[in-house]
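1. Would you be able to build a 3D model of this:
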Amino acid sequence: MFKCESLERCPGGPPGGCSKNTIGISCAKCVSGFYRSGRSCKPCGAFVYVPLVAYFVGFLIIGALRMLWSQRAAHVEVAEGVLASITVGVMLNFVQGLGIISSLNFEFPVGLLEFFAAFK
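-> Reported below is the predicted structural model:
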């Protein structure tokens, strides 16, 4: 014997006497083409195509953005070289500053060390 979780799904009667669109032990599964929604089985509808449509729309949006980006890239190609050299210079300056600071023999005040210890 198996305990049925819902009287709606197992109306009783002979073995295998499940309610409409349910099958299996304790009438726990839905037949092909149906999905479980609460205590009943509902027919699969058009929502099966939603992921396919979403992928297609996403693909179109990404393609349009890529096309716009490539048109923009032609106008800013020269500026990107200048920005890249400036960025590398700033990063190099930052790394050199860190090297200098790390070589200093500096001791933090006790109060500041206690403050930092609170965040560990």
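
2. Can you name every helix or strand that the helix or strand containing V95 contacts?
-> Here V95, judged by DSSP states H and E, is contained in helix 50-103. Of the remaining helices and strands, none touches helix 50-103 by 3 or more CB pairs under 8 Å, 6 or more residues apart in numbering; DSSP states H and E. To be clear about C-beta, it is placed using only N, CA and C from the backbone, and glycine gets the same treatment.

3. and it, how far out from the chain's middle?
-> 22 Å (CA atoms, centre = their mean, to the nearest Å).

4. so how far is the helix or strand just after it from its chain's centroid?
-> Where DSSP H and E defines the elements, the next helix or strand beyond helix 50-103 is helix 110-117. The chain centroid and the centroid of helix 110-117 are separated by 39 Å, computed with CA atoms, centre = their mean.

5. which residues are contacting helix 110-117?
-> The contact list for helix 110-117 (CB atoms under 8 Å, 6 or more residues apart in numbering) reads F108.

6. Let's see that with 10 Å instead.
-> E107, F108, P109 (CB atoms under 10 Å, 6 or more residues apart in numbering).

7. In contact with the first one: list those residues for me.
-> E107 is in contact with L113, counting by CB under 10 Å, 6+ apart.

8. which intervals of this protein have sub-threshold pLDDT?
-> 1-16, 46-49, 72-78 (pLDDT under 70).

9. Kindly report the domain assignment for the chain.
-> As given by automatic domain parsing, the domain ranges for the chain are 1-44, 53-103.

10. Could you say which of those is packed most deeply?
-> Ranked by mean neighbour count under mean count of other CB atoms under 10 Å, the domains of the chain are led by domain 1-44, which reaches a mean of 13.

11. Could you save the domains of the chain as JSON lines and add columns showing distance to K120?
-> As requested, the domains of the chain are exported to JSON lines (distance: least, CB to CB, whole Å):
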{"stretch": "domain 1-44", "distance to K120": "49"}
{"stretch": "domain 53-103", "distance to K120": "21"}
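
12. now for those, which one comes closest to F119?
-> domain 53-103 (20.3 Å; CB to CB).

13. thinking P43 is in contact with C30, fair?
-> Yes. P43 lies in contact with C30 (CB atoms under 10 Å); the separation is 9.5 Å.
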